[in-house]
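**Q** Here's my sequence, what's the structure:
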Amino acid sequence: MLTFALTIVRHGETQYNRDKLLQGQGIDTPLSDTGHQQAAAAGRYLKDLHFTNVFVSNLQRAIQTAEIILGNNVHSSATEMILDPLLRERGFGVAEGRPKEHLKNMANAAGQACRDYTPPGGETLEQVKTRFKKFLKSLFQRMLEEHGSALSSAPSEADQSVIAGLADDGAQNVPIHALMVSHGAFIRVSVRHLVEDLQCCLPAGLKMNQVFSPCPNTGISRFIFTIHREESVPRAKRIQGVFINRKDHLEEVKNSD
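**A** Numbers count the residues shown, from 1 in each chain. This next block holds a predicted model:
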């Protein structure tokens, strides 16, 4: 068995985020000034963690965020970034570039909840989930290939239950640690899959509306995976959620406004 941590970060703010416009995949915007500050704050928050692997959406707002995080990191500034189109934002079809309110109106007209509605040319939630499942499969395979010689036992449940509000929560005794930088809608679907479909364990007292809430720009989540090969296929034996959508680091950005 191999145990590793996965820290998930949403990209920093873009002008489209500020203006409440949908970006999706077709509109590839850079970070705003605030987005740069948010990414730098996330980098300082995570600076003492050692990321052995880094996986990033190949859209520039995610790439810029990952570059800034790694640039602030004490141990991982030279870690190779793997740009993966599987980590791209949900495609919103004809709604891309338009106000989010426009998407709500389209959903209302179709008699659907906005979160579940798929605009013409867009991706369904199931298609986004399929992308994340493909990423997980390739992630498990890569982690076993690269770190399989360092096979480790899973941390005890006592270790995993201690959440002190620190940047290294859950990862103190887990030397293999991957960073994933992606997008809001994609992360929301990913977390739901981990919790609902893969039966991820969650910290006591964590409410479901918090688990499934939208991730803020540079919001941080962490999961501990214990994986093994089953009939030559890598599978998760246990998944522990440590925290979801943490934004402690953003206080310094608010205070500087």
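
**Q** Going by residue numbers, what spans are strands in the stretch 101-250 of the chain?
**A** 177-182, 220-230, 233-246 (DSSP state E, counting those that start in this stretch).

**Q** Need the winner for burial among those strands.
**A** Stretch with highest mean neighbour count among the strands of the stretch 101-250 of the chain: strand 177-182 (a mean of 25; mean count of other C-beta atoms under 10 Å). Backbone N, C-alpha and C define where each C-beta goes, glycine included.

**Q** Which of the strands of the stretch 101-250 of the chain sits closest to Phe140?
**A** Ranking those by proximity to Phe140 (C-beta to C-beta) places strand 233-246 first, at 3.7 Å.

**Q** just how off-centre is that closest one within its chain?
**A** Its chain's average C-alpha position is 12 Å from that of strand 233-246, according to C-alpha atoms, centre = their mean, to the nearest Å.

**Q** can you give me the angle it makes with strand 220-230?
**A** Per axes from the mean of the first three to the mean of the last three C-alpha atoms, to 10 degrees, the angle that strand 233-246 makes with strand 220-230 is 170 degrees.

**Q** how about the helices of the chain, start to end?
**A** 15-18, 33-45, 60-71, 100-109, 125-147, 157-160, 184-192, 208-211, 251-256 (DSSP state H).

**Q** re earlier: please tabulate the strands of the stretch 101-250 of the chain in JSON lines and include mean pLDDT as additional columns.
**A** Output for these, formatted as JSON lines (pLDDT from 0 to 100):
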{"stretch": "strand 177-182", "mean pLDDT": "98"}
{"stretch": "strand 220-230", "mean pLDDT": "94"}
{"stretch": "strand 233-246", "mean pLDDT": "94"}
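
**Q** His249 touches Ala41, doesn't it?
**A** Yes. Contact criterion C-beta atoms under 8 Å: His249 and Ala41 qualify, at 4.4 Å.

**Q** So if I had to pick from these two, which one is more boxed in?
**A** Using other C-beta atoms under 10 Å as the criterion, His249 and Ala41 rank with Ala41 on top: 24 against 20.

**Q** Tell me who's in contact with that one.
**A** Contacts for Ala41 were tallied using C-beta atoms under 8 Å, 6 or more residues apart in numbering; they are 218, 249-250, 252-253.

**Q** try 6 Å
**A** The contact partners of Ala41, by C-beta atoms under 6 Å, 6 or more residues apart in numbering, come to 249, 252-253.

**Q** separation between Thr79 and Glu67?
**A** 11 Å (C-beta to C-beta, to the nearest Å).

**Q** closest to Thr29 among the contacts of Ala41?
**A** Looking across these and measuring by C-beta to C-beta, the closest to Thr29 is Val253, at 19.0 Å.

**Q** Please verify my assumption that that closest one contacts Gln37.
**A** Yes. Shown here, Val253 and Gln37 form a contact pair, counting by C-beta atoms under 6 Å, at 4.9 Å.

**Q** thinking again about what came up before, just put the contacts of Ala41 in CSV and tack on distance to Arg61 and pLDDT.
**A** As requested, the contacts of Ala41 are exported to CSV (distance: C-beta to C-beta, whole Å; pLDDT from 0 to 100):
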residue, distance to Arg61, pLDDT
His249, 18, 95
Glu252, 21, 82
Val253, 16, 86
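
**Q** Which of those sits closest to Val211?
**A** His249 (19.8 Å).

**Q** Just to check, that closest one is in contact with Tyr45?
**A** Yes. Contact criterion C-beta under 6 Å: His249 and Tyr45 qualify, at 3.7 Å.

**Q** Low-confidence bits of the stretch 51-200 of the chain, can you list those?
**A** 150-163 (pLDDT under 70).

**Q** Run a quick neighbour tally on Ser232.
**A** Residues near Ser232, counting by other C-beta under 10 Å: 5.

**Q** ok, now how distant is it from Gln141?
**A** Taken as C-beta to C-beta, the span from Ser232 to Gln141 is 11 Å.

**Q** Are there residues contacting both of these two? Which ones?
**A** Shared contacts of Ser232 and Gln141, defined by C-beta under 6 Å, 6+ apart, are absent.
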